[in-house]
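*Asks:* Below is the sequence, then the predicted model.
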Amino acid sequence: MIAPMHTERLSDDVYVFTSELYYQVTASLIVSGTIGVLIDTLPFPEETVQIAQLVNRLCPDGVRYIIYTQHQADHVYGAAFFPRAEVISHTLCRELMIAHGFEALEQAKTQSPSLNLVRLRLPTITFDKGNFALRLPGKTLELLRLPGHTPDSIAVLFQEEKLLFAGDTIMALPTVSDPGADVAAIRQAIELVAGMQLDCIVQGHGEIILRGEIKENMRRGNHTSKPWSPKSKNWSRPARRAKRPPACPLSSAGCRGCCSTEPSPSCIPQMCLRSMTA
Ligand SMILES: [Zn+2]
């Protein structure tokens, strides 16, 4: 049976998919005429297949572009199922995937057999300096550098709709995954997002933040009011939504403690969930 996946139509041409299998990770589809643009993908094929079905209905010419907001596995594995799409990312994303992605995927396959269908797709179009704009008829997608969560992190601003696809710079999880994350840069990135005039933020993980909720979310340091905890450190299926506040999976390995407590203004995303890095 195909796993259920939450799909939300955010505007006429924008759809957001939220995984029920992997920590509420999100992917988004922008429809432009006969083509589609995906911003990130979902990791498990059971859910990607549902995205592909919607693409088939809405986009006769398929997905033309996939934008990776960063290199980590939970955002890139689904690209395997759109082989004709050009994949756009920051240059560092491609480098990090080459350095770590293939080995990590092989490891993940030993833990989750459905990932045997996945082949890593490296970015085919990269940018290095400044930002990058993808112009479609009536739509401009601006790719903004926001290093912090990972060095290659970007966000995608849909200018006409004041809609930001923030990747893991903004997430409902009270933890951030990368051991190499730059906490000061994360804070800077969140402040930058907080200063933007936005109607909506699609988080890398978690529910969509609407205009009236943005200020409060940013003030709280981007913590969810309904935290949930991974029960797994690997690619075997994690728990869907835990009911209790999380315990830090790195509590014995350097976590500074903020992610095991209730949200507070001084509490910023921390470096946990190492298993999610790839
Ligand atoms: Zn993620």
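*Replies:* Yes, it's here. Numbering: from 1, shown residues only.

*Asks:* for the nearest residue to residue 21 once chain neighbours are set aside, what are its contacts?
*Replies:* Spatially, and ignoring its direct neighbours in sequence, residue 21 is nearest to residue 44 (4.9 Å; C-beta to C-beta, 6 or more residues apart in numbering). From N, CA and C alone the C-beta is placed, and that goes for glycine too. Applying C-beta atoms under 8 Å, 6 or more residues apart in numbering, we find residue 44 in contact with 3, 19, 21, 22, 77, 112, 114, 115.

*Asks:* Residue 82 and residue 50, how far apart?
*Replies:* Using C-beta to C-beta, to the nearest Å, we find residue 82 at a distance of 13 Å from residue 50.

*Asks:* what about those two, which has more around it?
*Replies:* In terms of neighbours (other C-beta atoms under 10 Å), residue 82 is the more surrounded of residue 82 and residue 50; the figures are 22 against 17.

*Asks:* tell me what the longest helix along the chain is packed against?
*Replies:* Using DSSP state H to define each element, the chain has its longest helix at helix 45-58. Helix 45-58 sits against strand 14-18, strand 26-32, strand 35-39, with contacts defined as 3 or more C-beta pairs under 8 Å, 6 or more residues apart in numbering; DSSP states H and E.

*Asks:* Pipe those strands into a markdown table and attach mean neighbour count and mean pLDDT per row.
*Replies:* Shown next, in a markdown table, are those (neighbours: other C-beta atoms under 10 Å; pLDDT from 0 to 100):
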| stretch | mean neighbour count | mean pLDDT |
| --- | --- | --- |
| strand 14-18 | 21 | 97 |
| strand 26-32 | 24 | 98 |
| strand 35-39 | 24 | 98 |
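
*Asks:* These: which one's closest to the ion?
*Replies:* Taking C-beta to the ion, strand 26-32 is the member of those nearest to the ion, at 8.7 Å.

*Asks:* neighbouring contacts of the closest one?
*Replies:* 10, 13-19, 36-42, 51, 54-55, 58-59, 63, 75, 78, 136-139, 141, 158, 165, 202-206.

*Asks:* and that strand, does that touch the ion?
*Replies:* No - figure legend: strand 26-32 not in contact with the ion (C-beta under 5 Å from the ion); closest approach 8.7 Å.

*Asks:* That strand - which strands sit beside it in the sheet, and in what orientation?
*Replies:* Strand 26-32 pairs in its sheet with strand 14-18 (antiparallel), strand 35-39 (antiparallel), by DSSP bridges.

*Asks:* Report the inter-axis angle for the last one versus helix 45-58.
*Replies:* Angular relation of strand 35-39 and helix 45-58 on a 0 to 180 degree scale: 150 degrees, by axes from the mean of the first three to the mean of the last three C-alpha atoms, to 10 degrees.

*Asks:* again, but for the first one
*Replies:* Interaxial angle, strand 14-18 versus helix 45-58 (the same axes, to 10 degrees): 170 degrees.

*Asks:* Keeping just the C-alphas, turn strand 14-18 into PDB.
*Replies:* Taking C-alpha atoms only, strand 14-18 is exported to PDB below (Å, rounded to 0.1, in the frame of the first residue of the first chain):
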ATOM      1  CA  VAL A  14       2.200  25.900  -6.100                       C
ATOM      2  CA  TYR A  15       1.900  22.600  -4.400                       C
ATOM      3  CA  VAL A  16       3.700  21.500  -1.200                       C
ATOM      4  CA  PHE A  17       4.300  17.900  -0.300                       C
ATOM      5  CA  THR A  18       5.100  16.900   3.300                       C
END
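
*Asks:* burial count for residue 10?
*Replies:* Counted with other C-beta under 10 Å, residue 10 comes out at 19.

*Asks:* what does residue 34 give?
*Replies:* 11.

*Asks:* excluding its backbone neighbours, what's nearest it?
*Replies:* residue 61 (4.3 Å).

*Asks:* ditto for residue 29
*Replies:* Nearest one to residue 29, counting by C-beta to C-beta, 6+ apart, is residue 15 at 4.4 Å.

*Asks:* any bit of stretch 66-77 sitting next to the ion?
*Replies:* Yes - with C-beta under 5 Å from the ion as the criterion, the ion is reached by stretch 66-77 at residue 74.

*Asks:* Start and end of that stretch, how far apart?
*Replies:* 11 Å (C-alpha to C-alpha, to the nearest Å).
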